[in-house]
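Student: Let's see this in three dimensions:
(2 chains)
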Amino acid sequence: MSGLWPLTVRELKKWVRNPTFFFTGLIQPIFWIALFGSAFDITKFLSGPSGSAAASFLLDGAPNYITYIVGGVLTTMGLFTAMFAGTQIIFDRRLGPMGRFLSSPIRRSSIVFSKIISSVIRILPQVVILVVAAYLIPNGLKFVHGFTIVDVLVMATAIILIAFIFSSIFSVIATRMTNMQSIFGIVNLVNLPLMFVSYAMFSKAMMADWLGNIAQYNPVSWSAEAIRTVIINGSLTSSQWVQEGRWLGALAALAAGLLLLTYYLVEKEIRD
Amino acid sequence: MMDGTIIETKNLTKVYNGNIKAVSDLNISIREGEIYGLAGPNGAGKTTTINMLITRIAPTGGSATVGGFDIVRDSLAVRRLIGVVPQDFTADEDLTGRENIMMVSQFYDVPKAKAKENIGRLLKLVELEDAADRLVRTYSGGMRKRLELIIGLVHEPRILFLDEPTLGLDIQTRTQMWNYVREIQQKLNVTIILTSHYLEEIDALAGKVSIIDHGKVLITGSPSELKASLKGDIITMTLTDQKSADLMKTVPGVIEVVDAGPNTVKIKVDNADEALPRVINFISQHELSTIKLTVQKPSLDEVFLEYTGRSIRDEEGGMDRMKTAMNLRRARQ
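Tutor: This is a model prediction of the structure:
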């Protein structure tokens, strides 16, 4: 796909060269894990032996809240970064580069895929920083069963898939929009609902029934649960593996479907 | 592509939103190696025509070939063959000039060594070598236009489209751009299609020009042919009173004399250099006195006036035209 490589390199250059953009992106994970880890930790109200049993039940057996939510925070961070993947498309249209791209013999989808791929790449250092920060803060992330290659692979796979899913949705939206305000409006409308109507921060046991029922269809839940399961349990039983496969499989299927749809829509029509 | 024709349109038409007719039944034929001008006022359909030829938008009727390729069926082949310098800036402000050109060279799969060589030569051509490694954000308007000019050339296109290349530039920068365009055409041997609503620009650069308005070609020819077709120069004279002005209508040996305002007449002659002494003799014989006398050799502006019935700068004719131009602009976005 000619054009994809130079356009992706362009996006990454713009990212690295913009110190505010670059450093805020790297500091953000530390803020998130520290704030969410303290703010939403309801297990602090539970004390004594019966309290820790209840806490363990609410946290699906995780030793503490940070260990429980690290998968959720990783996913949410991926989600938030990915939702802004499309904004550059609007800038390109407004500031002129889109005109150049459209009159070049490159595939039109490579314009959009370069945004998607670069946003996925931007998320990866955030993942590393977040995990390290979660591990270092007091009463932080505990790998009860050690930190294995399985943890790394599941984390990376889930976050990359989440990033593909949401960056393709929001990039396609951006190709139909001509101003920034609209896309920011849409992002603001759905970001918190996507985060809270999911198992990212709270388990189903902690939610109102209706909320818990809706949350199981949210890809954010799938990713959060997939990461959580390997972190909390270490080596999985075969039924846990099946469940793990379902979550990752669903994410992969959705990502693949959306990427194909993006390709189809963008090749068919990308407006000046 | 017999007889060296490189671009040909047949009844090319573009209608926006079902009712805004930007280009209608346009027929032009451009020969390899020439600089071809499309002149016309804002909203005449120049940019729409270019956008169809560069395959950025699809026509709603008719057809066109560029370098022998159909603009709809073989749009990718057309894009490989052409270079485009659009009306708006397209360079990324957060990259350097060199990075911008390099990126575009990759769009065309130009081998890296070849691209480097071309970029060096092009930067030199437009005297941007010193600024090449600065971010485009720091460039002046004229520098950005020069950069745009060479971005469109990095893959050695056979055909270059220049859409209003000097729009918004001051007069010195404009003449400098003209020199670059001439140099490009001579040194790189490309066919250039140029749109402009500065008729002096078309006159200075183009070997052939089509005047278009309301999406139609009004006339085509070389600038000198078009000017010659007007037959004659104009002497405009303001005299002290209407009686004297009326008397001027009896001056012999001219094509015609018409009223042109209070105490003013326009005298059309074959050649002003030869007719002027006769006119001056007539004035002294009849003891008339003139307040003002101007001689005008026809420019493309007069040609435009002749064929459209109004001046190209005439934004009056008014709201309707402005509206058409604005609607077009909006529909294009």
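Student: if you skip the residues just before and after it, what's nearest to A:Phe40?
Tutor: With sequence-adjacent residues excluded and distances taken as Cβ to Cβ, 6 or more residues apart in numbering or on different chains, A:Phe40 is closest to A:Met201, at 5.2 Å. In short, each C-beta sits where N, CA and C put it, glycine included.
Student: same question, A:Phe184
Tutor: For A:Phe184, ignoring the flanking residues on the chain, the nearest one in space by Cβ to Cβ, 6+ apart is A:Thr87 at 7.8 Å.
Student: contacting residues for the one you found?
Tutor: Listed by Cβ atoms under 8 Å, 6 or more residues apart in numbering or on different chains, the contact partners of A:Thr87 are A:Ala174, A:Met180, A:Ile183, A:Phe184.
Student: pLDDT check: weakest of those?
Tutor: Ranked by pLDDT, the contacts of A:Thr87 bottom out at A:Met180 (85).
Student: burial of it, as a residue count?
Tutor: When counting by other Cβ atoms under 10 Å in any protein chain shown, one arrives at 13 neighbours for A:Met180.
Student: ok, now how distant is it from chain B?
Tutor: Counting by Cβ to the nearest Cβ, to the nearest Å, the gap from A:Met180 to chain B is 15 Å.
Student: Please apply the same query to A:Leu265.
Tutor: 17 Å.
Student: can you check A:Val131 too?
Tutor: The spacing between A:Val131 and chain B, counted by Cβ to the nearest Cβ, is 30 Å.
Student: quick one, what contacts that residue?
Tutor: A:Val70, A:Leu74, A:Leu141, A:Met155.
Student: any idea how far it is from A:Leu258?
Tutor: 26 Å (Cβ to Cβ, to the nearest Å).
Student: Please apply the same query to B:Leu239.
Tutor: Per Cβ to Cβ, B:Leu239 is found 79 Å from A:Leu258.
Student: can you check B:Asn11 too?
Tutor: Note on B:Asn11: its distance to A:Leu258, by Cβ to Cβ, is 42 Å.
Student: So which of the two has more stuff around it?
Tutor: Using other Cβ under 10 Å as the criterion, B:Asn11 and A:Leu258 rank with A:Leu258 on top: 20 against 14.
Student: Nearest spatial neighbour of that one, chain-adjacent residues omitted?
Tutor: Leaving out its chain neighbours, the residue that sits closest to A:Leu258 by Cβ to Cβ, 6+ apart is A:Ser168, at 4.5 Å.
Student: Poorly predicted segments of the stretch 1-150 of chain A, please.
Tutor: A:1 (pLDDT under 70).
Student: Okay, helices next: where are they in it?
Tutor: A:4-17, A:19-39, A:48-58, A:65-83, A:87-95, A:97-102, A:108-136, A:149-175 (DSSP state H, counting those that start in this stretch).
Student: Report the buried residues of the fourth one.
Tutor: To tie it back to what came earlier, the one meant is helix A:65-83. Neighbour counts over helix A:65-83 (16 or more other Cβ atoms under 10 Å in any protein chain shown) mark A:65-83 as buried.
Student: now for the helices of the stretch 1-150 of chain A, which one comes closest to B:Leu147?
Tutor: In terms of Cβ to Cβ, the element of the helices of the stretch 1-150 of chain A nearest to B:Leu147 is helix A:97-102, at 11.4 Å.
Student: I'd like to know which elements that closest one is packed against.
Tutor: In terms of contacts (3 or more Cβ pairs under 8 Å, 6 or more residues apart in numbering or on different chains; DSSP states H and E), helix A:97-102 is packed against helix A:87-95, helix A:108-136.
Student: Can you give me the buried ones in the shortest one?
Tutor: Looking back up the chat, that one is helix A:87-95. Result for helix A:87-95 [16+ other Cβ under 10 Å]: buried residues A:Thr87, A:Gln88, A:Ile89, A:Ile90, A:Asp92, A:Arg93, A:Leu95.
Student: and of those, the nearest to chain B?
Tutor: Of all the buried residues of helix A:87-95, chain B sits closest to A:Leu95, with 7.0 Å by Cβ to the nearest Cβ.
Student: Please name the residues that touch the spatially closest residue to that closest one that is not a sequence neighbour.
Tutor: With Cβ to Cβ, 6+ apart as the criterion, A:Leu95 has its nearest non-adjacent residue at 7.0 Å, and that residue is B:Glu93. Counting by Cβ under 8 Å, 6+ apart, B:Glu93 touches A:Leu95, B:Leu135, B:Val136, B:Arg137.
Student: Of those residues, which is the most crowded?
Tutor: Neighbour max across these (other Cβ under 10 Å) = B:Val136, 20 neighbours.
Student: ok, it - contacts?
Tutor: Residues near B:Val136 by Cβ under 8 Å, 6+ apart: B:Ala91, B:Asp92, B:Glu93, B:Asp94, B:Leu95, B:Thr96, B:Gly97, B:Asn100, B:Arg144, B:Leu147.
Student: Am I right that the third one is in a strand?
Tutor: No. When the secondary structure is assigned by DSSP: H, G, I helix; E, B strand; the rest coil, B:Glu93 falls in coil instead of a strand.
Student: Ramachandran angles for it?
Tutor: Phi and psi for B:Glu93, reported as degrees, to the nearest 10, are phi -70, psi -20.
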